[in-house]
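In: After the sequence you'll find the predicted model.
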Amino acid sequence: MSGDGLAESRGSLWSAVASLFASSGTLVCCAIPALLVALGAGAALSSLVSVFPQVVWLSEHKEELFLVAGLMMAVAGWLQWRARNAPCPVDPALRSACLRTRTASRRVYLGSVALYLVGGWFAFVQPWLGT
């Protein structure tokens, strides 16, 4: 394992941001349209689709979207796990930066997992329940 914990923490932060980006796609594909329809904002959804027709493409390819996002999140989770006990530099300022980066990375990753689960609920579970 590398002795540079700050670099490992930064690497896990970038992977967490990438997983956040991927899981946000699951919200755009499935959760936001479902929420707009549930709130009776079908006109807002149709306006959204007319401005961003890619939303329809994402919805049509939701299985692939969730697969790619899940793979990215698995890699990010593995990097988080690997960097959890990486040594931080001895210098107090660098150690503080290392620990802050590690905490921010963990929070971003957990937020992306939550977004992924919400998107998965609206994409697969909710339609299966039939409500």
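Out: Yep, it's here.

In: so after the lowest-mean-pLDDT helix or strand in the chain, what's the next helix or strand?
Out: Across the helices and strands of the chain, the lowest-confidence element by mean pLDDT, DSSP states H and E is helix 5-26, at a mean of 74. Next helix or strand after helix 5-26 toward the C-terminus (DSSP states H and E): helix 32-38.

In: Average pLDDT for the helix or strand following that next one, rounded please.
Out: Downstream of helix 32-38, the first helix or strand assigned by DSSP H and E is helix 42-51. For helix 42-51, mean pLDDT rounds to 89.

In: Against which helices or strands is helix 42-51 packed?
Out: Where contact means 3 or more Cβ pairs under 8 Å, 6 or more residues apart in numbering; DSSP states H and E, helix 42-51 is packed against helix 32-38, helix 54-60. (C-beta placed from N, C-alpha, C; glycine too.)

In: In the protein, spot the helix with the most residues.
Out: helix 92-120 (DSSP state H).

In: got a list of contacts for the helix or strand just after that one?
Out: Counting by DSSP H and E, the element after helix 92-120 in chain order, helix or strand, is helix 126-129. Helix 126-129 is touched from outside by residue 34, with contacts defined as Cβ atoms under 8 Å, 6 or more residues apart in numbering.

In: now helix 126-129, how far from the chain's geometric center?
Out: 22 Å (Cα atoms, centre = their mean, to the nearest Å).

In: buried sites along that helix?
Out: Using 16 or more other Cβ atoms under 10 Å as the test for burial, helix 126-129 gives no buried residues.
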